[in-house]
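# sequence plus the predicted model coming up.
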Amino acid sequence: MTVKIAVSGKGGVGKTTVMALLAGELRRQGQAVLVIDADPSPHMAQALGMAGAEDVRPIAEMGRLLAERAGKTEGSPFYNLNPEVNDLLRDFMLEQDGIRLMILGAVRTAEGGCACPENHVLRKMLKKMLLTAKEVVLVDMEAGIEHLGRGTVAGADCLLIVVIPSKSGVRTALKIRQMAKDVGIPRIFFVGNLVQSEADRDFLCAELGEEPAACFPDSVLLRQTERDGRPVLAVREGLNDAPKMLLEKMLTAA
Ligand SMILES: Nc1ncnc2c1ncn2[C@@H]1O[C@H](COP(=O)(O)OP(=O)(O)OP(=O)(O)O)[C@@H](O)[C@H]1O
Ligand SMILES: [Mg+2]
């Protein structure tokens with residue numbers, strides 16, 4: 001199975017948390033996982049419990065390196081993340097317990113700085129990356145619709161839209177779904193988060209016009225884990241098996 005899964009949703013709705021929990025579940029099921037943190041303020045290393053994120057080279061820098069190595073050949077074979085080129089990629093990734101993490105770009109300052117190199121590399125990676133069998137790519141993204149507007153994640157074959165049970169949350173989620181359809185992402189799933197009751201679930205179903213692929217409960221344990229600076233990926237209790245259900249739904253729809 002080779003699947004490229006991206007995530008979108010309003011700010012703070014739980015995108016990074018859901019992706020980290022999904023990474024943990026995929027590992028338990030024996031899948032190799034590559035996580036790409038495409039948020040300009042990256043938190044994924046923390047969520048996965050990986051040290052050394054400060055030292056890893058952002059993959060936005062890879063474009064230049066690839067051009068040098070490949071003699072400017074279009075369709076560079078170095079997008080092929082096979083073992084033969086892993087030495088080249090080592091500087092660009094952290095690895096722990098079968099999960100690899102790449103960080104897209106350096107933190108941008110308030111003064112700006114163009115995100116073009118980052119977005120170019122991400123777009124290319126998603127389109128051209130050839131993966132070994134049994135690898136799942138999870139792309140964590142910044143909040144909002146910019147990525148979809150620019151078509152950066154058009155190469156993903158699955159988009160998770162994290163949505164909390166609120167009117168404005170649903171409105172954004174529906175807008176994201178429309179944009180995702182427009183850029184041609186073939187599979188799109190809503191994922192409820194901070195769903196505390198049947199009423200919350202009913203609200204989401206009614207407003208979205210469909211049942212979310214999975215609903216994550218509001219979890220005291222998750223909250224505490226994050227506050228303690230421990231990796232949320234390890235949390236399993238009290239989630240009503242939502243990560244597992246989400247994965248099952250995605251796979252049956254494949
Ligand atoms: N199901 C949950 N139960 C309890 N706390 C949660 C849950 N989901 C997320 N949180 C907490 O909510 C906060 C925001 O979550 P997270 O960072 O995953 O959101 P995000 O959508 O990735 O945010 P951003 O838009 O800033 O990237 C974190 O402190 C996280 O621990
Ligand atoms: Mg996040």
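Cool, got the structure. Everything numeric here is computed off the predicted structure, so don't read it as measured data. Numbers count the residues shown, from 1 in each chain. Ligands and ions are numbered 1, 2, ... in the order given.
# do the helix ranked longest in the chain and ligand 1 meet?
The longest helix of the chain (DSSP state H) is helix 167-182. No: Helix 167-182 lies out of reach of ligand 1 by C-beta under 6 Å from any ligand atom, never closer than 10.8 Å. Any C-beta I mention is one placed from the backbone N, CA and C, and that applies to glycine too.
# regarding the residue of the stretch 151-254 of the chain found nearest ligand 2, what is its secondary structure?
Ranked by C-beta to the ion, the top residue of the stretch 151-254 of the chain for proximity to ligand 2 is residue 162, at 9.4 Å. Residue 162 falls in the strand class when you classify it by DSSP: H, G, I helix; E, B strand; the rest coil.
# pretty sure it contacts residue 195?
No: at 11.1 Å, residue 162 does not count as touching residue 195 under the criterion of C-beta atoms under 8 Å.
# tell me which of those two has more neighbours.
Using other C-beta atoms under 10 Å as the criterion, residue 162 and residue 195 rank with residue 162 on top: 28 against 23.
# identify the bridge partners of that one.
Beta-bridge partners recorded for residue 162 (DSSP bridges): residue 191.
# the strand or helix carrying residue 36: how far from the chain's middle?
Assigned by DSSP states H and E, residue 36 falls within strand 32-37. Centre-to-centre, strand 32-37 and its host chain are 8 Å apart (C-alpha atoms, centre = their mean, to the nearest Å).
# so what's residue 42 closest to, chain neighbours aside?
Distance criterion C-beta to C-beta, 6 or more residues apart in numbering; nearest residue to residue 42, sequence neighbours excluded, is residue 103 at 5.2 Å.
# the stretch 151-254 of the chain: helices as residue ranges?
Along the stretch 151-254 of the chain, counting by DSSP state H, counting those that start in this stretch, helices occupy 167-182, 198-208, 220-227, 242-252.
# need the contact list for the spatially closest residue to residue 149 that is not a sequence neighbour.
Excluding its sequence neighbours, the residue lying closest to residue 149 (C-beta to C-beta, 6+ apart) is residue 179, at 6.8 Å. By C-beta atoms under 8 Å, 6 or more residues apart in numbering, the residues touching residue 179 are 145, 148, 149.
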